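Asks: The following comprises the amino acid sequence and a computationally predicted model.
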Amino acid sequence: MSGGRVPVTLITGAAGEIGQALLHRLAGSRGDPIVTVDLRSLSTAGPGDLHREHFQGDILDSALWEQLLCRYRPTLIFHLAAILSTRAESVPVLAHRVNADGAARLLAMTADLATPDEPVRFVFPSSIAVYGLPSREAKEAAAPVSEDEHLDPATLYGAQKLYVERLGATIERLGNGLDFRAVRLPGLISSDTLPQGGTSDWAPELIHAAARGEPYCCFVNREARLPFCAMPDAVEGVLRLALCQKASLTRSAYNLGGPSLSAAEIIARVARDFPDLEVRFRLDRARDRIVAGWPGAVDDTAARRDFGFAPEHDEETLFSRYLIPGIRRRYLGDARAAG
Ligand code: NAD
Ligand code: AKB
């Protein structure tokens, strides 16, 4: 305890896809109690024994932070709250306030809480949206993109992510005790939850629609390609980064990778298990263009070397061991899912 305040792990955006998966992963583990913040309430599945309190409200509301910080002292922060890429383009002012201002304010608060003797870790999920390949041809020709290449975001969301990465690294260099760590995540696919407002959403939407036996209308073209990662692999990577010794880190922002898959490849693979899958294509040009500028694959050598990122799933087991059994269980209560 410091000044009577309880040391906690703080998770913002905890009601979102990654937040729910992170809470699930942390349930039953040892560590400081967890305090969460989100506009929404937490899911009824229950956030686990470590969870102490949920603050339902806006990260932009200073009264919320006053209340929280008078009772708790965050020592590790996962700042997940954000507006994802497709939605950010349609609400640019709000997206700036949440994704850039909201994160900047939280970084400043964290820097105030931290001291060189008692650093506070701030873990930030950035995105492949920080990259901008100049054309579809350049994307096809490119090798897996490493962290210092093509940093030329074409979306507001990508620019906001890059800004927060750089702001965090800059404040850390002032030496006041902020310990900033970022991962650039690819498109994530969960068997338990569906995304909202992202641009990589076609892949999870299509797979979940297949399991529900519903036709899917795909908003990108067949060749659209992105790296994808299973939600548990991404959460494990984020946790490894959060918990590793600072001395092992050689950069402030790391790629986390995963299988590079096109829409056509995903459809062909899903159709092996759901042969009735019906996909129509109705191109959303803006979203298709966003995908065209994001890398088709990322190089995550640095994450593997520095903090042991070791995703369990490759192109085949992502489907056969994780997604297909998980979504069968979710929608069909299928006994085969157990095996
Ligand atoms: P999500 O949309 O499921 O969750 C975000 C959560 O933030 C939501 O529950 C939302 O209610 C909350 N939120 C939004 N604005 C808020 C505000 N003003 N105050 C309080 N809460 C607010 O997204 P996610 O997939 O869980 O993503 C979490 C983080 O990871 C985001 O920063 C996102 O940019 C990043 N990320 C996600 C992916 C992915 O594929 N899921 C990929 C790259 C990066
Ligand atoms: C989105 O599509 O916005 C996210 C991301 C890759 O950042 N899934």
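Replies: Thanks, I have it. Residues are numbered from 1 along each chain as shown. Ligands and ions are numbered 1, 2, ... in the order given.

Asks: secondary structure class for Pro74?
Replies: strand (DSSP: H, G, I helix; E, B strand; the rest coil).

Asks: so how many other residues sit close to it?
Replies: Pro74 has 25 neighbours, counted by other CB atoms under 10 Å. Every residue, glycine included, has its C-beta placed from N, CA and C.

Asks: Pull the contacting residues for it.
Replies: Pro7, Val8, Thr9, Leu10, Val35, Thr110, Leu113, Val120 (CB atoms under 8 Å, 6 or more residues apart in numbering).

Asks: now, which of these sits nearest Lys139?
Replies: Thr110 (35.8 Å; CB to CB).

Asks: packing partners for the helix or strand where that closest one lies?
Replies: Under the criterion of DSSP states H and E, Thr110 resides in helix 103-113. The helices and strands touching helix 103-113, judged by 3 or more CB pairs under 8 Å, 6 or more residues apart in numbering; DSSP states H and E, are helix 62-71, strand 72-79, strand 120-127, helix 156-173, strand 178-185.

Asks: Give the buried residues for that helix.
Replies: If you call a residue buried by 16 or more other CB atoms under 10 Å, then helix 103-113 has these buried ones: Ala103, Ala104, Leu106, Leu107, Met109, Thr110, Ala111, Leu113.

Asks: could I get those as a markdown table with distance to ligand 1 and pLDDT?
Replies: A markdown table is the format used below for the buried residues of helix 103-113 (distance: CB to the nearest ligand atom, whole Å; pLDDT from 0 to 100):
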| residue | distance to ligand 1 | pLDDT |
| --- | --- | --- |
| Ala103 | 9 | 98 |
| Ala104 | 13 | 98 |
| Leu106 | 10 | 98 |
| Leu107 | 14 | 98 |
| Met109 | 14 | 97 |
| Thr110 | 16 | 98 |
| Ala111 | 20 | 97 |
| Leu113 | 19 | 96 |
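
Asks: the helices in the stretch 1-150 of the chain, which residues?
Replies: For the stretch 1-150 of the chain, the helices defined by DSSP state H, counting those that start in this stretch cover 17-26, 62-71, 85-90, 92-95, 103-113, 136-141.

Asks: Out of those, indicate the one that is most buried.
Replies: Highest mean neighbour count of these: helix 17-26, a mean of 22 (counted as mean count of other CB atoms under 10 Å).

Asks: Output the contacting helices and strands for that one.
Replies: Against helix 17-26 (3+ CB pairs under 8 Å, 6+ apart) you get strand 6-12, strand 34-38, helix 231-243.

Asks: And that helix, how far out from the chain middle?
Replies: 11 Å (CA atoms, centre = their mean, to the nearest Å).

Asks: Contacts for that helix, please.
Replies: 9, 11, 13-14, 34, 36, 38, 42-43, 45, 47-48, 50-51, 78, 80, 125, 188, 190, 192-195, 231-232, 234-236, 238-239.

Asks: Among the helices and strands packed on helix 17-26, which comes closest to ligand 1?
Replies: Ligand 1 lies closest to strand 34-38 among those, at 4.5 Å (CB to the nearest ligand atom).

Asks: Would you check how far apart the nearest residue to Leu50 once chain neighbours are set aside and His313 are?
Replies: Counting by CB to CB, 6 or more residues apart in numbering, Leu50 lies nearest to Ile34, which is 4.9 Å off, once chain neighbours are set aside. To His313, Ile34 is 26 Å away according to CB to CB, to the nearest Å.

Asks: Check Gly4 too.
Replies: 45 Å.

Asks: Which one's more surrounded, those two?
Replies: Taking other CB under 10 Å, Gly4 and His313 do not tie; His313 has more neighbours (20 against 8).

Asks: residues contacting the closest residue to ligand 2 within the stretch 201-339 of the chain?
Replies: Distances between the stretch 201-339 of the chain and ligand 2 by CB to the nearest ligand atom are smallest at Asp201, namely 6.3 Å. With contacts defined as CB under 8 Å, 6+ apart, Asp201 is in contact with Thr86, Gly187, Leu194, Pro195.

Asks: bridging residues for Asp179?
Replies: Arg121 (DSSP bridges).

Asks: Correct me if wrong: it contacts Val123.
Replies: No: applying CB atoms under 8 Å as the test, Asp179 and Val123 come out as separate, 9.2 Å apart.

Asks: Not counting its neighbours along the chain, what's nearest Arg282?
Replies: Cys217 is the one closest to Arg282 (CB to CB, 6+ apart), at 5.2 Å.

Asks: what bits of this structure have low per-residue confidence?
Replies: Within the chain, the stretches with pLDDT under 70 are 1-3, 44-47, 334-339.

Asks: Contact distance from ligand 2 - what residues of it qualify?
Replies: Leu84, Ser85, Ser127, Ile128, Ala129, Gly187, Gly198, Thr199, Ser200 (CB under 6 Å from any ligand atom).

Asks: how much space between the third one and Thr250?
Replies: Taking CB to CB as the measure, Ser127 and Thr250 are separated by 21 Å.

Asks: Same check on the first one?
Replies: When CB to CB is applied, the distance between Leu84 and Thr250 equals 29 Å.

Asks: ok, back up a step: pull out the buried members of the contacts of helix 17-26.
Replies: Neighbour counting with 16+ other CB under 10 Å marks 9, 11, 13-14, 34, 36, 38, 42, 47, 50-51, 78, 80, 125, 188, 190, 192-193, 195, 231-232, 234-236, 238-239 as buried within the contacts of helix 17-26.
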